[in-house]
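> I'll drop the sequence and a predicted model, then ask my questions.
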Amino acid sequence: MLGVTGVPVIGIFYDNRLVAIVEGEIPEPSKNVPIIVETAIKEKGVLFITDKTYLIPLNQTETIKKLENIFMNGEPSEG
């Protein structure tokens, strides 16, 4: 589903919901994670940060639930 291989992928949760997916490491996490969370809430979606930043709108509930299951339950992606 994510199409990411060979690098760490981090799911960031806030208030029991997925707000961001980050491919690779987060530089200065104590500084940048709050900014990521604030931006996701403001933009009303889940941020997917790779070499670019994408927004999955909150109305894409089926997609977001699948992603939450991957990060919360370790369920593999099936596409």
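Arrived safely.
> grab the nearest non-local neighbour of the spatially most central residue of the chain.
Compute the mean C-alpha point of the chain, and by C-alpha atoms, centre = their mean the closest residue is Ile21, 2.1 Å away. In space, and not counting its chain neighbours, Ile21 is closest to Phe48: 4.9 Å by C-beta to C-beta, 6 or more residues apart in numbering. Backbone N, C-alpha and C define where each C-beta goes, glycine included.
> residues in contact with the helix or strand hosting the one you found?
Per DSSP states H and E: Phe48 is located in strand 45-49. Contacts of strand 45-49 with the rest of the structure, by C-beta atoms under 8 Å, 6 or more residues apart in numbering, involve 18-23, 36, 39-40, 53-58, 60, 64, 67.
> skipping its backbone neighbours, what lies nearest Glu25 in space?
Once flanking residues are discounted, Glu25 sits nearest to Pro8: 6.7 Å by C-beta to C-beta, 6+ apart.
> what does Leu18 give?
Glu68 (4.8 Å).
> buried stuff in the helix or strand harbouring that neighbour?
Using DSSP H and E, Glu68 maps to helix 61-73. For helix 61-73, the neighbour count (16 or more other C-beta atoms under 10 Å) marks Ile64, Lys66, Leu67, Glu68, Ile70 as buried.
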